[in-house]
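Asker: for reference, the sequence and a predicted model appear below.
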Amino acid sequence: MSLEILAYPFLFLGLYFEVFMLLTFLSGPAKDRRLRVPGLNTPKVAIIVPCWNEENTIDGTVQSLLALDYPQEKLQIILVNDGSTDNTKTVMGSYQGNLQITIVHKENGGKHTAINRGIEIATDAEFVGCLDADSFVAPDALREMISCFEDPKVAAATPAMSVFQPKNLLEQMQNTEYIVGIAARHALSAVNGIYVTPGPFSFYRRSVIEELGGFRHAHQAEDMEMALRIQRAGYEIENAPRSRVYTKVPRSVPKLIKQRTRWTTGFLRNVMTDYRDLVGNPKYGILGLMVLPLGFVAIVGGAFLFIVALASFVLTLMQRYSLTEGIPLSYTLLPRFSVEWFYLPMTFLLLTSIVVGILSVSLVLIGRHVSNTPAKVILGIIGYTFIYAFIAPFWLIRAMYDVLTGKRRAWR
């Protein structure tokens, strides 16, 4: 039996999920969200910026918040220095005296403690938002976000994230991935299937956060845990596809693998321990029946397919070696190509892979369109399609190893 047949179930599930995303995007509820126009309502809001050693980016983050198109008297910016050891405190001090900005210094306790400290201070705010100190928002982002909370059942809302000024190929690839995420969150919001409220500029109804008891450490994935807790409590999470926020991303492969290992272990530990009652539970709709189970399958399947592909490659080399034994190496290594495309072997596996790739590209184009995000995506799509698949298995395998062995890694 060919090892390729083991890939069929995972490719089918990937194809099924992508088709579901596209059909949901075309549905009435998703279309209504795209047509939503920001209202004139401007409630009091507070934006919390948790900082730990962010001396190089915090100034740009604050400047983008001060440039928001929102009444100054209704916008409070809370900078929380979570025990930084660099020059972050000094940079924050330059904003001392600005009536919109509140500065807090505390001992290092983790991002969740910094957010909770900010919420304690934001006593007058109806809504609280979080913005990572390496992210920057568009001027109209806040008004777009507030328009999501017209329904009292909505407890949180997520933005449209993309990469800040992507330069090298790795950043372009991540930007493509983030734009796919824009399309996915937009579709999932129509069926209340969002399972994470990202750190860059997600917003919350303050009364609900207090009701649920604030943020927790949550295996270094506090934004995911809060989203799952909101869903378990019966509230909804919306999406503002035109609320644009730009974030800085890892610029090297080792840093990317370290970041994604943390994200993946956070998902596995939250879903497999604290929130396993959501998985497969029809009470939570698409989130419980599809999103969380397929998220787990994607992690295991991605690692499994990589191992199968590697094993298949090794077996092919061994077979080739046995067939060419005794033939001069210079002859066997000489490349030979055929340009007769009519005779190209079109297997079911290859055909399915091509369809999955085309649908993935479609999600990129959809994400860029619905968010009006200016981005050159051709280079990113090429890298995302042909290179990313060789990098992702390393953090998937590493994350599963950490979960199975109980290993804990530092955040940075």
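Answerer: Cool, the structure landed.
Asker: against G93, how distant is the residue nearest to L13 when sequence neighbours are not counted?
Answerer: Once flanking residues are discounted, L13 sits nearest to V297: 5.9 Å by CB to CB, 6 or more residues apart in numbering. C-betas here are computed from N, CA, C, even on glycine. Note on V297: its distance to G93, by CB to CB, to the nearest Å, is 49 Å.
Asker: with Y8 instead?
Answerer: 60 Å.
Asker: over to Y195?
Answerer: Note on Y195: its distance to G93, by CB to CB, is 38 Å.
Asker: looking at the two, which has the bigger crowd around it?
Answerer: Y195 (22 against 13; other CB atoms under 10 Å).
Asker: quick one: which helix or strand includes the more buried one?
Answerer: Following DSSP states H and E, there is no helix or strand that holds Y195.
Asker: not counting its neighbours along the chain, what's nearest N281?
Answerer: N281's closest residue in space is G288 (CB to CB, 6+ apart), at 4.1 Å.
Asker: for burial, what's the neighbour tally of the one you found?
Answerer: If we define neighbours as other CB under 10 Å, then G288 has 20 of them.
Asker: and what of I119?
Answerer: Neighbours of I119 (other CB under 10 Å): 21.
Asker: can you give me how far the helix or strand where it lies is from the chain middle?
Answerer: Secondary structure assignment for I119, by DSSP H and E: helix 111-121. Counting by CA atoms, centre = their mean, to the nearest Å, helix 111-121 is centred 22 Å from the centre of its parent chain.
Asker: can you list the buried residues in that helix?
Answerer: For helix 111-121, a neighbour-count test (16 or more other CB atoms under 10 Å) marks K111, H112, T113, A114, I115, N116, R117, G118, I119, I121 as buried.
Asker: for the residues you listed, which one is nearest F215?
Answerer: H112 (4.0 Å; CB to CB).
Asker: right, and that closest one touches R216 too?
Answerer: Yes - H112 is in contact with R216 according to CB atoms under 8 Å; the separation is 5.8 Å.
Asker: so what's in contact with these two at the same time?
Answerer: Listed as contacting both H112 and R216 by CB atoms under 8 Å, 6 or more residues apart in numbering are E222.
Asker: in the host helix or strand of Y8, which residues are buried?
Answerer: Using DSSP H and E, the element containing Y8 is helix 8-25. For helix 8-25, the neighbour count (16+ other CB under 10 Å) marks F10, L11, L13, G14, F17, E18, F20, M21, T24, F25 as buried.
Asker: now the fifth one: closest residue in space, sequence neighbours ignored.
Answerer: Think F17. Nearest residue to F17, sequence neighbours excluded (CB to CB, 6+ apart): L294, at 5.6 Å.
Asker: count the residues that sit near the one you found.
Answerer: 16.
Asker: again with I366
Answerer: That count, for I366 with other CB under 10 Å as the rule, works out to 22.
Asker: my guess is it is in a strand, correct?
Answerer: No - checked against DSSP: H, G, I helix; E, B strand; the rest coil, I366 lies outside a strand; its state is helix.
Asker: thought it was touching A183?
Answerer: Yes - distance between I366 and A183: 4.4 Å, which falls inside the contact criterion (CB under 8 Å).
Asker: excluding its backbone neighbours, what's nearest P282?
Answerer: Excluding the flanking residues, the one nearest P282 by CB to CB, 6+ apart is L289, at 6.1 Å.
Asker: all strands for this protein, in order.
Answerer: Under the criterion DSSP state E, the chain contains strands at 45-51, 75-82, 101-106, 127-130, 135-137, 154-163, 202-205, 236-247.
Asker: starting from the first one, tell me which strands it pairs with and how they run.
Answerer: In other words, strand 45-51. If you go by DSSP bridges, strand 45-51 pairs up with strand 75-82 (parallel), strand 127-130 (parallel).
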